[in-house]
Every structure is written in structure tokens, then in C-alpha cells.
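[1] Here is my input; please provide its structure:
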Amino acid sequence: MGLKENTKELKRVIDRCHHCFLTTEGPVDKKSYEFFNKVKEETSPLFELNNTWLGEAEAFVKDRKTNVHPNQVKSTHENIEMLILHSYYLDVHRKRFKELYQSVHYVLDMILNDLE
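    Predicted coordinates:
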């Protein structure tokens with residue numbers, strides 16, 4: 001998969017994270033070993049995709065004329081990691097989650113536009 005496909009897949013991932021964050025009930029037991037293993041198992045492929053995307057996106061913004069700055073790529077990578085984790089642990093305010101979500105979508109959309 002290339003940058004375009006990975007960017008689209010990340011958009012789907014954060015949409016699922018957003019949905020989980022909004023629909024999951026109540027606090028989770030953050031000390032539960034079972035819950036930790038479940039999160040680790042489910043998020044590993046998401047983190048791998050995010051890391052792959054980071055390398056591709058950094059190369060893209062470095063080598064081409066684009067509206068996205070390299071710092072935005074790094075920040076977006078970090079924000080995606082936070083969205084993934086917050087969608088399980090529910091340890092951030094709804095407003096902050098929404099801001100991260102919108103910020104990530106904005107940069108991913110800019111990259112998709114620059115690819116076309």
C-alpha cells in the first residue's frame with residue numbers, strides 16, 4: 001500500500017476510534033491485565049499502520065511542494081496515537097478528543113488533496 005491508501009485507511013481508523021469514544025460506556029479498569037492485553041492486541045496493527053504512514057508522509061512532504069509542513073506530519077502521527085489510546089481508556093475530555101480528531105482529519109485531507 002502507498003501513502004494514499006494508508007492515509008485513507010488512517011481516516012477510517014480514527015473514525016472507528018471516534019465512534020468507540022462516543023459510544024463506550026463509563027470508566028474502564030485501567031489496571032486490568034486482561035483489558036491491557038486486549039488493547040495491546042487490537043491496537044498493534046493500528047500503530048504499525050500509523051508508523052508506516054509517518055515514514056511515507058515525511059518523505060512526501062520533504063520531496064514535494066505540498067501545503068503540509070513536516071512538523072504537521074509528526075504532530076499528526078502523535079495525535080493519531082493519542083486518539084487510538086483515548087478511544088480505549090476514555091481518559092480525556094470529549095472536547096479535547098474532538099479537537100484531536102478534527103486536527104488529524106484536516107492534515108490527512110490536505111495530504112490526500114496534495115496527492116491528487
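
[2] Residues touching stretch 32-49, excluding its own?
    Applying CB atoms under 8 Å, 6 or more residues apart in numbering, the contact partners of stretch 32-49 are 6, 9, 10, 13, 28, 29, 81, 84, 85, 88, 89. (C-beta placed from N, C-alpha, C; glycine too.)

[3] Try it again at 6 Å.
    Applying CB atoms under 6 Å, 6 or more residues apart in numbering, the external contacts of stretch 32-49 come out as 13, 84, 88.

[4] Give me the neighbour count for the second one.
    By that I understand residue 84. Residues lying near residue 84 (other CB atoms under 10 Å) number 22.

[5] host element of it?
    Following DSSP states H and E, one finds residue 84 within helix 70-89.

[6] can you pull the contacts of residue 23?
    With contact set as CB under 6 Å, 6+ apart, residue 23 has no partners.

[7] quick one, phi/psi of it?
    Phi and psi for residue 23, reported as degrees, to the nearest 10, are phi -110, psi -10.

[8] Residue 98 too?
    According to degrees, to the nearest 10, residue 98 has phi -60, psi -40.

[9] and the helix or strand residue 52 falls within, which residues are buried?
    Using DSSP H and E, the element containing residue 52 is helix 33-63. Within helix 33-63, the residues scored as buried using 16 or more other CB atoms under 10 Å are 39, 43, 46, 49, 50, 53, 54, 56, 57, 60, 61.
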